[in-house]
Structure formats: structure tokens, C-alpha cells
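sequence first, then the predicted structure, then my questions.
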Amino acid sequence: MKFTEFIETIKLAGESMRGNKMRSFLAALGVVIGISFVILTGWIISGLDNALEETINLIGQDMIYIDKWDWTGGKNWKLYEARKDITLKQAEEFCSRMKGAELAVPLVRKWSVTIKAGNDSYDGISALGTRYSYSQTPAASIQEGRFFSIFEDQINTNVIVLGSKVAETLFPEGNVLEKIIIIRGQKFEVIGTVKKQGTMLMDFVDNQVFMPVGAFMDVFGGQMLRSAEVGIKVGNMDNIDEIREEARGIMREIRNLQYYQDDDFSLNETKAFEETVASLRAYVWGIGIGLTMLSFIVGIIGIMNIMFVSVAERTREIGIRKAIGAKKASILMQFIVESAALCFFGAVISFVLCSTVIFLAATFLPKVWEATSFLKPVMPFQFLILGSVVSIIVGILAGLIPAMRAAKLDPVDSLRYE
């Protein structure tokens, strides 16, 4: 087919669509829905990937956390609950024996703490007791002020570093440094705040405070709601496997485990969140693809029926074109192009609709449901390309059989058609 003939075919397809606007829109509706599912599914997947990346940056790819609990939650939680707590003494001993890592630091935590500042109080805070060296981990990146020093750590000074949400809630006017807060009757001086870091997968991190482990024990004693943890900063990622096995061996010795006994602790890394996101991605893709396929099947059937009607209505036109020399390939291409154009028209409508939905959802939904803050107000460009290509392919498939019927029409019989 010559280029000029192809352009003429496109013009004829456009005229047919303009002449039957409502019919064209209804025919494209199934494609609109299908492409919308493709784009929105890809948008959510892209958001999940962003949330995973933010979480990895928060934890640090080179961080390993020894904990009683497994972050993946892959086993029955009762099995984890039956494990003995990791004591602060065990955590401290581990840190003193760990030689291969760049850093090993103990962590003790108390959940649901109430903090008072003047006449205001804030419930549901997570208080974290640790050593000064925790400031070298990504989770303790300082926004304002500083982390506590080795001297303050050693003498158990009542100083505290606030998570971003805690600081914003207690001191909305700013000027956080050197303010006094009260926890269980004891005064703490605020010396710093941590950068806002919360993600969909770890939304609690902005709602915690950090203090020297000695000061923590003075306030809470042995009343922790969970066992201690150990944070290990590997340093060189090439050594992470060796560090992991060294950590496992040291902790097994400290916990007096025999060679035939399973670990009664977990080594947690960012892989736990990668597995979680992979599961979420699989669910989203599964639902999205299922709904997309259903929509496309409906769309193909609808467009195919419309094209059969179009062939029937234009039988005399086809006969005239054939009588003056039009080839089968030209007739075939005309109806295939018209079907593909219908689907692409549906894709364009979908792009506009999805852009609006994505912008509004990403702008306003996080204000109501903070966990959706991972969603971005931008449509992934690759899904625009994918949507365009898929719509054209669907159009070709939907229009192929009607186009073949039109191309096979006998010109004499077509001219007699009423």
C-alpha cells in the first residue's frame, strides 16, 4: 500500500468516527476501562517501588538487625512469642564481641509512651534507648541540633532527640532545641530532631524519640514491652554474608544454643521489605491484569460488533471503491485502521481520566490516610507508551475479522445492496 493511500485510509477512518461520535465513544468504552486499569495498576506498583526504595534508604542496605521477631512475619507469630527475650546484657555482650562489622549498637524500646511538654501531652510514642554510635546509622539522620555524645551516653544524661512528628506535634511553632519534656516524671532536654523519614512500610519511625540507654533504663527499668535488639552496620557490602554468619554464631553462643537447636532470634535486613513489596506487587498486578483482560474482552466484542455494523452500512461504498479499482488490501486496511483508531481514541480518553484521578488521589488522599503518602501525583511515562501500544493491538484484533469480511465482498453484490 502506498503512503498516500495509507493517509487517505486514515482520513476515511476519521470521517467515519466523526460521523458516529456516540457510537464510537461507546465502542471505545471497554478500552478506556482496560487502559485505565493498566495505568492505575502501574502507578500503584511504581508507588510501592518508591516506598521500598525509601525504606531501604531509611534502614540502610548495609544494616542487619538482630531481634526476637522476624520482620517478614513468615511464620506463626506464636513461635516468635515463645522465644526468650533478648536481654540488654546479651545485646551489650554481643556488641563487645562483634569485631567484623563497622558498628554494633544495642537498642531497647518502650511502646505507647506519654510525653508531656508544658500543658500538652502526646500519647503513643515509641521511646528508644541506645548508644551514641547509633547516630552513624541512616535512621538517626539529624535535621536540627545533634545526637547525644559519648560523654552524655556514659553518664546517663537526661537528653533526648525527637522524631519529626513528635517535634511537630509538641512544638508546632518550632524552636525545639533546649526545650524540656517530661517522661514518667523525669525531665529531658531536647538536643535535636531527626529528619522526616516515615514510609508506607515503616510509618512509625517519625513517632519515636531517642535517649541514652542508661537514661532509658532509669525511666523504664525492666518494663520494656519487647526484647532488646542489636543494630549492625556492615560497612562494606562485599562482607555482608560473612558479617551475617559471624553475628549468627556470636548470638548463638550468647544464647547457649546447641548445634542441633534452631536460632531463637532473627537476622532482619531490607530483604524483608523487598519480599513484602513483591507480595503486594503480585496481588496488585494479579487484580489489575484480571480486570484489564475482562475489560479488553468486553471492548473487543463491542468494537467488533460496531465494525460489523459499519461494514454492513457501507457495503455500497465498498462496492463503489472496488468497482473503481480499490484492492482488497486497501479495504482491509481501511477497517483495521478505523478499529485501531477507535481504540487509540479510547486510550487518549483514559490518559486524561487517569491523569486527573492520579493527581487528585496523590494530592488529597494522604491528608486523610497517611499510609498512602507513597503515591506520586505523576503518571508513569512508560505506561503511557504501554497503553498506546496495547490499545492499537486491541484495535487491530477487534477489527481484523470485520475487515476481512469487508475485503471479501463481491463488488457487484455490494452495488446491489440496499
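Perfect, I can see it now.

show me where the protein has its helices.
Using DSSP state H, the helices assigned to the chain run over residues 3-19, 21-59, 77-81, 88-97, 150-154, 164-170, 213-220, 240-254, 271-313, 315-323, 328-368, 381-407, 411-416.

need those helices in CSV (columns: mean pLDDT).
Shown next, in CSV, are those (pLDDT from 0 to 100):
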stretch, mean pLDDT
helix 3-19, 64
helix 21-59, 76
helix 77-81, 80
helix 88-97, 94
helix 150-154, 95
helix 164-170, 90
helix 213-220, 92
helix 240-254, 94
helix 271-313, 77
helix 315-323, 79
helix 328-368, 84
helix 381-407, 84
helix 411-416, 69
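
just put those helices in TSV and tack on mean neighbour count.
The way it works is simple: take the backbone N, C-alpha and C, and place the C-beta from them, glycine included. Output for the helices of the chain, formatted as TSV (neighbours: other CB atoms under 10 Å):
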stretch	mean neighbour count
helix 3-19	14
helix 21-59	20
helix 77-81	11
helix 88-97	17
helix 150-154	14
helix 164-170	20
helix 213-220	20
helix 240-254	17
helix 271-313	17
helix 315-323	17
helix 328-368	19
helix 381-407	19
helix 411-416	13
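
any chance of these in JSON lines, with distance to Val108 too?
Listed next are the helices of the chain as JSON lines, based on distance: least, CB to CB, whole Å:
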{"stretch": "helix 3-19", "distance to Val108": "69"}
{"stretch": "helix 21-59", "distance to Val108": "18"}
{"stretch": "helix 77-81", "distance to Val108": "18"}
{"stretch": "helix 88-97", "distance to Val108": "6"}
{"stretch": "helix 150-154", "distance to Val108": "13"}
{"stretch": "helix 164-170", "distance to Val108": "18"}
{"stretch": "helix 213-220", "distance to Val108": "6"}
{"stretch": "helix 240-254", "distance to Val108": "16"}
{"stretch": "helix 271-313", "distance to Val108": "21"}
{"stretch": "helix 315-323", "distance to Val108": "82"}
{"stretch": "helix 328-368", "distance to Val108": "32"}
{"stretch": "helix 381-407", "distance to Val108": "45"}
{"stretch": "helix 411-416", "distance to Val108": "86"}
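
so for Gln143, which of those sits nearest?
The closest of those to Gln143 is helix 164-170. By CB to CB, the value is 6.7 Å.

what does the closest one rub up against?
For helix 164-170, contacts defined as CB atoms under 8 Å, 6 or more residues apart in numbering pick out 115, 117, 120, 122, 125, 143, 162, 176, 179, 181, 190, 193-198, 206-209.

how about stretch 282-294?
Gly34, Phe37, Val38, Leu40, Thr41, Ile44, Ile45, Leu48.

with stretch 92-110 instead?
Residues contacting stretch 92-110 (CB under 8 Å, 6+ apart): 62, 66, 88, 91, 126-131, 133-134, 136-137, 213, 216-217, 220, 223-226, 228-236, 239, 242-243, 246-247, 250-251, 254.

and stretch 375-395, by the same measure?
So stretch 375-395 is contacted by 31, 34-35, 38-39, 42-44, 46-47, 50, 296, 299-300, 303, 336, 339-344, 346-347, 350-351, 354-355, 358-359, 361-363, 365-366 (CB under 8 Å, 6+ apart).

so for Val209, what's the pLDDT?
Looking at Val209, its pLDDT is 95.

OK, contacts around it?
So Val209 contacts Val113, Ile115, Ile125, Ser126, Ala127, Leu128, Ile160, Val161, Leu162, Gly163, Val166 (CB under 8 Å, 6+ apart).

okay, and the beta partners of the fifth one?
With DSSP bridges applied, Ala127 shows beta-bridge pairing to Lys110, Val209.

low-scoring pLDDT stretches of the stretch 51-200 of the chain, where are they?
In the prediction, the stretch 51-200 of the chain carries residues with pLDDT under 70 at positions 52, 55-58, 73-75, 198-200.

if we go to 80?
Where the stretch 51-200 of the chain drops to pLDDT under 80, the residues are 51-61, 71-78, 197-200.

can you list the domain ranges for the chain.
Per automatic domain parsing, the domain ranges recorded for the chain read 3-55+274-416, 61-269.

ok, back up a step: any chance of the contacts of Val209 in TSV, plus distance to Val105?
Formatted as TSV, these follow (distance: CB to CB, whole Å):
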residue	distance to Val105
Val113	21
Ile115	23
Ile125	21
Ser126	17
Ala127	16
Leu128	11
Ile160	17
Val161	14
Leu162	19
Gly163	18
Val166	21
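
would you reformat the contacts of stretch 282-294 as TSV and include distance to Ile331?
Shown next, in TSV, are those (distance: CB to CB, whole Å):
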residue	distance to Ile331
Gly34	28
Phe37	34
Val38	32
Leu40	38
Thr41	37
Ile44	43
Ile45	42
Leu48	47
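
next one: the closest residue to Ile86 other than its chain neighbours from Ile59, what distance?
Of all residues not flanking Ile86 in the chain, Ser227 sits nearest, at 4.2 Å (CB to CB, 6 or more residues apart in numbering). Between Ser227 and Ile59 the computed distance is 19 Å (CB to CB, to the nearest Å).

check Lys196 too.
16 Å.

could you do Arg316 as well?
71 Å.

can you pull the contacts of the residue lying closest to Ile240 once chain neighbours are set aside?
Leaving aside its sequence neighbours, Ile240 sits nearest to Val234 (CB to CB, 6+ apart; 5.0 Å). With contact taken as CB under 8 Å, 6+ apart, Val234 is in contact with Asp62, Met63, Ile64, Ala101, Glu102, Ile240, Ile243.

could you rerun that using 7 Å?
Going by CB atoms under 7 Å, 6 or more residues apart in numbering, Val234 touches Asp62, Ile64, Ala101, Glu102, Ile240, Ile243.

same question for Glu275.
Residues counted as contacts of Glu275 (CB under 7 Å, 6+ apart) are Thr72.

phi first, then psi, for Lys99.
Dihedral pair for Lys99: phi -110, psi -30, per degrees, to the nearest 10.

give me the neighbour count for it.
Other residues within reach of Lys99 by the criterion other CB atoms under 10 Å amount to 8.

same question, the one 4 residues further on
As a burial measure, the neighbour count of Leu103 was computed by other CB under 10 Å and equals 18.

can you tell me the closest non-neighbouring residue to it?
Computed as CB to CB, 6+ apart, the closest residue to Leu103 that is not its neighbour in sequence is Lys233, at 3.9 Å.

distance of the one you found from Gly163?
For Lys233, the distance to Gly163 - CB to CB - is 20 Å.
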